[in-house]
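Visitor: Model the following, please.
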Amino acid sequence: MTVEAPVFEEPAVPVDPARGPLDWVRKNLFNTWYNTLLTVALGGLLGSALVTLLRGLLGADFEIIRVNLRLFMIGQFPADQLWRPWAATYLIAVLIGSVGGSLAAGAQDRAREAGLPYTATPFRQVLWRFWPIIALVSVILAFTTTPAPALLTLGATLVGLGSYYLTRRLPGGIRRWTWLFALLLIAGTYVVLAGFGGVGWEDWGGLHLNLFLTVAGILFAFPLGLMLALGRRSSLPAIRGISVTYIELVRGVPLITLLLFGALAIGFLIPSDLRPGLVTRMLIAITLFESAYIAEVVRGGLQAVPGGQVEAAQAVGLSPWTTMRLIVLPQALRATIPAMVGQFISLFKDTTLVAILGVLELLEAAFIVNAQPEFLGKGLFVLTLGFAGLVFWVGSYTMSRESRRLERRLGVGER
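Guide: Now for the predicted structure:
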């Protein structure tokens, strides 16, 4: 006779029905008398501030922004060369679309190889993901006086979407060369802007210059900071001493000091026939400054990697360079995402400091347009500075949102 083992079943846990927005509000905002009082008080303050803001916006004259919109966006770029920024915009749209499509297709291939289901992100979620940028572009287009910018922006959007879906359908062997295609697009973007009688970055301005200094500063400072972080942990005293001295010296001075050094002192250290322009010297100063902070961020990530990881790699016969490249650095950089993105956001906002050297970037443009005769003495600083602040907030907030999304995907902070 076979005796069956008893089966113990856990009691069923009642599942709460789906709660709507009113249930959430009642549970979280009005669950106690003091929460109710606090909600009413804060709601009144926010409502009053919102009414005041809407009243000011509806009654404001945005002519100063409408007239100077080109100055805000691209500075004093020649009017007969405006086709160049638009052509560069289309190349950037292709770049973003192709890289995004390649990453999505790669994720789908890896899921298929692992036997896992793959669900593409719905289009409405993509819109919600980038709603700050969409809202900012809509605001900027609202200040234009002709339909051409809106039509060109729509065309660039369609080109980007087309390159995204086209790249996703390419064979895997071809998609492996997307990085080379991306480098060619980046080079082509600069050639379109500056080549064949174009406008070099020494004459760029407005938001265009802020974005250039941010992106170029990140691209140049990251590898230098990575080498400094590895050099600070080196077993060779000379390399470690040079790295420590550089990092501590640069981190001990403010960025504005290095910008002045780059503008005034670098010219004396380089022969006159090889002396770079002002924007190039500022880019050098920004790169030197950011690399020191990136080095400390990466060093913190390296220290967070358990020593057992290195010992395990040595046990299977991996060389020190292979261990660092395949085992230590991927884990270290994954752990530094929040701090690294925070440093990039800080760099984006710090690019406004170049205005002290007479460079016309976005924030400086927001000041000088108030000195124009037709707007002088009208107190329109609130509008121009508010517009510049909106642009910087959208850029910073988008980077922060993408950082949090990447952290969730990689499981940063989870065990």
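
Visitor: can you give me the helices for the stretch 201-350 of the chain?
Guide: Per DSSP state H, counting those that start in this stretch, the stretch 201-350 of the chain carries helices over the ranges 206-232, 237-251, 255-264, 266-269, 278-304, 307-315, 320-323, 329-335, 337-350.

Visitor: quick one: low-confidence ranges for the stretch 51-200 of the chain?
Guide: Along the stretch 51-200 of the chain, the model assigns pLDDT under 70 to no residue.

Visitor: Strands of that one, start to end?
Guide: With DSSP state E, counting those that start in this stretch, there are no strands along the stretch 51-200 of the chain.

Visitor: excluding its backbone neighbours, what's nearest residue 349?
Guide: Sequence neighbours aside, residue 392 is the residue nearest to residue 349 in space, at 5.9 Å (criterion: Cβ to Cβ, 6 or more residues apart in numbering). Yep, even glycine has a C-beta here, placed from its N, CA and C like the rest.

Visitor: Report the buried residues of the helix or strand containing the one you found.
Guide: Applying DSSP states H and E as the criterion places residue 392 in helix 381-410. Residues 383-384, 386-388, 391-392, 394-396, 398-399, 403, 407 are the ones in helix 381-410 that count as buried (16 or more other Cβ atoms under 10 Å).

Visitor: Include distance to residue 127 and pLDDT when you put the residues you listed into a markdown table, please.
Guide: Output for the buried residues of helix 381-410, formatted as a markdown table (distance: Cβ to Cβ, whole Å; pLDDT from 0 to 100):
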| residue | distance to residue 127 | pLDDT |
| --- | --- | --- |
| 383 | 28 | 90 |
| 384 | 29 | 92 |
| 386 | 25 | 91 |
| 387 | 23 | 93 |
| 388 | 25 | 94 |
| 391 | 20 | 95 |
| 392 | 22 | 96 |
| 394 | 15 | 95 |
| 395 | 18 | 94 |
| 396 | 20 | 94 |
| 398 | 13 | 93 |
| 399 | 18 | 93 |
| 403 | 20 | 89 |
| 407 | 22 | 83 |
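
Visitor: Over to stretch 257-275 now: how far is its first residue from its last?
Guide: End-to-end span of stretch 257-275 (Cα to Cα, to the nearest Å): 20 Å.

Visitor: Of all the residues in that stretch, which ones are buried?
Guide: 258, 259, 260, 261, 262, 263, 266.

Visitor: same question, stretch 122-137
Guide: 132, 136, 137.

Visitor: Contact partners for the nearest residue to the second one once chain neighbours are set aside?
Guide: Meaning residue 136. Closest residue in space to residue 136, ignoring its immediate chain neighbours: residue 394 at 4.5 Å, by Cβ to Cβ, 6+ apart. Counting by Cβ atoms under 8 Å, 6 or more residues apart in numbering, residue 394 touches 132, 133, 135, 136.

Visitor: Between those residues, which sits nearest residue 57?
Guide: Ranked by distance to residue 57 (Cβ to Cβ), the contacts of residue 394 are led by residue 135 at 14.1 Å.

Visitor: which ones are touching the closest residue to residue 256 other than its chain neighbours?
Guide: Of all residues not flanking residue 256 in the chain, residue 353 sits nearest, at 5.4 Å (Cβ to Cβ, 6+ apart). By Cβ under 8 Å, 6+ apart, residue 353 lies in contact with 255, 256, 259.

Visitor: What separation is there between the first one and residue 389?
Guide: Spelled out, that is residue 255. 20 Å (Cβ to Cβ, to the nearest Å).

Visitor: Quick check: residue 149 touching residue 141?
Guide: Yes: between residue 149 and residue 141 there is a contact at 6.0 Å, judged by Cβ atoms under 8 Å.

Visitor: higher neighbour count, those two?
Guide: More crowded of residue 149 and residue 141, by other Cβ atoms under 10 Å: residue 149, with 18 against 15.

Visitor: Quick one: residues contacting that one.
Guide: With contact set as Cβ under 8 Å, 6+ apart, residue 149 has these partners: residue 141.

Visitor: Give me the distance between it and residue 77.
Guide: 14 Å.

Visitor: Also residue 138?
Guide: Residue 138 sits 23 Å away from residue 77, going by Cβ to Cβ.

Visitor: Could you check which of those two has the larger neighbour count?
Guide: More crowded of residue 138 and residue 77, by other Cβ under 10 Å: residue 77, with 21 against 11.

Visitor: Near the spatially closest residue to that one that is not a sequence neighbour, how many residues? Count them for me, please.
Guide: Leaving aside its sequence neighbours, residue 77 sits nearest to residue 199 (Cβ to Cβ, 6+ apart; 6.0 Å). Using other Cβ under 10 Å, residue 199 has 19 other residues around it.

Visitor: Going forward, the N-terminal residue is numbered 54.
Guide: Taking 54 as the first residue, the last one we looked at is residue 252.
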